[in-house]
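Undergrad: what shape does this take:
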Amino acid sequence: MFSNYYPKGEVMGWIAGSFIMVAVIVVALLSGRHYKNKQWQLESQGFSGYKSDVEDARMFKRISYGTAGLVMLGWAAFTFASSLYIIDAGHVGVIKTFGAIEGQVGDGPAFVAPWSDVIDVSTKADKKQFKQLAAFSKETQDVFVDATLNLAVAPTDVQCLYRTIGSDWYEKLIPPRVLQTLKDETVKYTTVEVAPNREKIRRDVRGRLQDQLKDLSIREGSCVVSIDVQDFLLENIDFRPEFKEAIERKQIATQDAQTAKNRVQEAKFQAEQKVETAKGEAKSTLVRATAQAKANRLLSNSLTEKIISYEYVQKLAPNVQAIVTADGKVAVPPGLGIIVQQPGK
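TA: The predicted model follows:
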């Protein structure tokens, strides 16, 4: 509960005790008066034979008056005790007289009429928990929220709440506003957006509750109450089991699709890599072939008959003295580098 209510005055006990004590006092006083009159009558007759009766009358008179005095002192002490209240720090005492709120007292000792009761009400910041608040999303999907509300009431406004609404003011004012405000905020989001936006929802609900309860007019402005909403916390957000199963299936399907997509991307990358490798190899082959062709052209252009013959002779055995080539030329032994053309050729 937001506050603890403790009726400290035993009004009916004081009233019943007072009636009994007053009755005893009245009886004792009447008895004392009776014995006083009896004593006076006996003494006025002047007969010595009534001496013992006079003494008895005098004794009972004293007992009756003494009893009345003691009971009066007891009643005064009982009334004093019934009128004294100690209000703890952070609390106020709401004075209630025969069902009507008469006022309030602050913390510390307080004297209140014994026929009035005092209700001890805490004004400290209190934590109220809400379990499974049923809201809904933009698609009217059920959203279940566990929340905590921290709030406090201004001490001067407690008696107004009790006088205009009653001791159950918290149940009448706070839970309905919390639930309605929460619904107004969650309906702004789709179901899958509720959880990611929980911090924004929390701040918005807290702000709206603060605005609603900061200066709350009760019963057409008969009084204005300030209820301080210190914080609003979202402990948990939950959904129906079938929705959670659908979300899980969707996540699995999404993961599978992403896995397949990754595989396709990997295969595509490998194919592109092979194509690029092939292109590189073809280009490399072309470059080598071009270079070889160019080298062959250069070599072909640089060859002469003498060079060819010379290279031919170089490949011969070292003991060859002379050679006649196919074209009729005579070559001397290697090292001379002389090719002689045959006579007549």
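
Undergrad: just the helices in the stretch 51-200 of the chain please.
TA: Remark: helices assigned in the stretch 51-200 of the chain by DSSP state H, counting those that start in this stretch are 51-83, 158-164, 169-186, 191-194, 198-214.

Undergrad: with just CA atoms, put the shortest one into PDB.
TA: Provided in PDB are the C-alpha atoms of helix 191-194 (Å, rounded to 0.1, in the frame of the first residue of the first chain):
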ATOM      1  CA  THR A 191       4.500  -4.600 -31.200                       C
ATOM      2  CA  VAL A 192       8.000  -5.200 -32.200                       C
ATOM      3  CA  GLU A 193       8.800  -1.500 -31.500                       C
ATOM      4  CA  VAL A 194       7.600  -1.500 -27.900                       C
END
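
Undergrad: same question for that helix: list its buried residues.
TA: When burial is assessed from 16 or more other C-beta atoms under 10 Å, helix 191-194 yields the following buried residues: 191, 194. For glycine as for every other residue, the C-beta is placed from the backbone atoms N, C-alpha and C.

Undergrad: swap in stretch 201-215?
TA: Residues 201-202, 204-206, 208-210, 212-213 are the ones in stretch 201-215 that count as buried (16+ other C-beta under 10 Å).

Undergrad: residue boundaries of the helices in the stretch 201-345 of the chain?
TA: If DSSP H, counting those that start in this stretch is used as the criterion, the helices of the stretch 201-345 of the chain fall at 241-302, 305-314.

Undergrad: hey, least reliable of the ones you listed by pLDDT?
TA: The stretch with the lowest average pLDDT out of these is helix 305-314, scoring a mean of 63.

Undergrad: burial measure for the closest residue in space to residue 86 that isn't next to it in sequence, as a count.
TA: Take residue 86 and drop its neighbours on the chain: the residue closest to it by C-beta to C-beta, 6 or more residues apart in numbering is residue 109, 5.6 Å away. The tally of other residues near residue 109 (other C-beta atoms under 10 Å) stands at 9.

Undergrad: just residue 84 next, same as before
TA: The burial count assigned to residue 84 is 14, neighbours taken as other C-beta under 10 Å.

Undergrad: so it versus residue 174, what's the distance?
TA: To residue 174, residue 84 is 33 Å away according to C-beta to C-beta, to the nearest Å.

Undergrad: who's in contact with stretch 71-82?
TA: Applying C-beta atoms under 8 Å, 6 or more residues apart in numbering, the external contacts of stretch 71-82 come out as 9-10, 13-14, 17-18, 21-22, 24-25, 28, 114.

Undergrad: need the pLDDT of residue 87.
TA: Here, the pLDDT recorded for residue 87 equals 84.
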